[in-house]
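**Student:** after the sequence you'll find the predicted model.
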Amino acid sequence: MKINQCGSLKCMETFVLEHHVQGGLDFTALDRSRGEWGEPADDVTAITIDYLSYSLQAFEEMAGPFEKLFLCFWRNYLNKTGDDEILGVVQPFYAWRSLMLASPLWYPQLPTRMRKKILRFAAIVLNAERLDFESVKSYLE
């Protein structure tokens, strides 16, 4: 089983899980483009959850360059778009992406302590009326 990244010029790229099945090879799309239409909350969470994931893998917390990227992205997005409403609608998108990251099917090598932090993040996000991205570090504790 391996994950391949399919090339795309779009912001979001498609990831495909290749796995061998009886009689050949099968593919499962992990994320696919929605063509020209998209949901900003989905796109923003797809990008920023990676900063959180990489930070957990590197530092076991939100820290270093990944924390800076996460905060910089959010500040820049809000500054450029004025889309303050997004902070009240990202919750289910972060929860879904967190479930993907915490899944042993998609990330079998991820340690249990990391899975717990990701799931804690999802639970806190889902219970928040609005995302407080400046305090994301506390969402993992």
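**Tutor:** That came through fine.
**Student:** contacts only, for Phe66.
**Tutor:** Residues counted as contacts of Phe66 (C-beta atoms under 8 Å, 6 or more residues apart in numbering) are 51-52, 54-55, 58-59. For glycine as for every other residue, the C-beta is placed from the backbone atoms N, C-alpha and C.
**Student:** okay, helices next: where are they in the chain?
**Tutor:** 40-59, 64-81, 91-102, 112-127, 136-139 (DSSP state H).
**Student:** what's the closest of the contacts of Phe66 to Val90?
**Tutor:** Leu52 (12.5 Å; C-beta to C-beta).
**Student:** hmm, the closest one is touching Val125, no?
**Tutor:** No. Contact criterion C-beta atoms under 8 Å: Leu52 and Val125 do not qualify, at 10.6 Å.
**Student:** could you dump stretch 58-68 to CSV, C-alpha only?
**Tutor:** The C-alpha trace of stretch 58-68 is given here as CSV (Å, rounded to 0.1, in the frame of the first residue of the first chain):
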residue,chain,number,x,y,z
ALA,A,58,8.4,17.2,14.1
PHE,A,59,7.9,18.7,17.6
GLU,A,60,4.9,16.7,19.1
GLU,A,61,3.2,20.1,19.5
MET,A,62,2.3,23.2,17.4
ALA,A,63,5.7,24.9,17.3
GLY,A,64,8.5,26.2,15.1
PRO,A,65,8.1,27.0,11.4
PHE,A,66,4.8,25.1,11.2
GLU,A,67,3.2,27.2,13.9
LYS,A,68,4.4,30.3,12.1
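**Student:** would you mark the buried spots in that stretch?
**Tutor:** Buried residues in stretch 58-68, counted by 16 or more other C-beta atoms under 10 Å: 62, 66-67.
**Student:** as CSV, these with distance to Lys117 and pLDDT would be great.
**Tutor:** Shown next, in CSV, are these (distance: C-beta to C-beta, whole Å; pLDDT from 0 to 100):
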residue, distance to Lys117, pLDDT
Met62, 9, 96
Phe66, 13, 95
Glu67, 14, 96
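**Student:** how is this structure divided into domains?
**Tutor:** The record assigns the chain these domain ranges, following automatic domain parsing: 2-31, 40-139.
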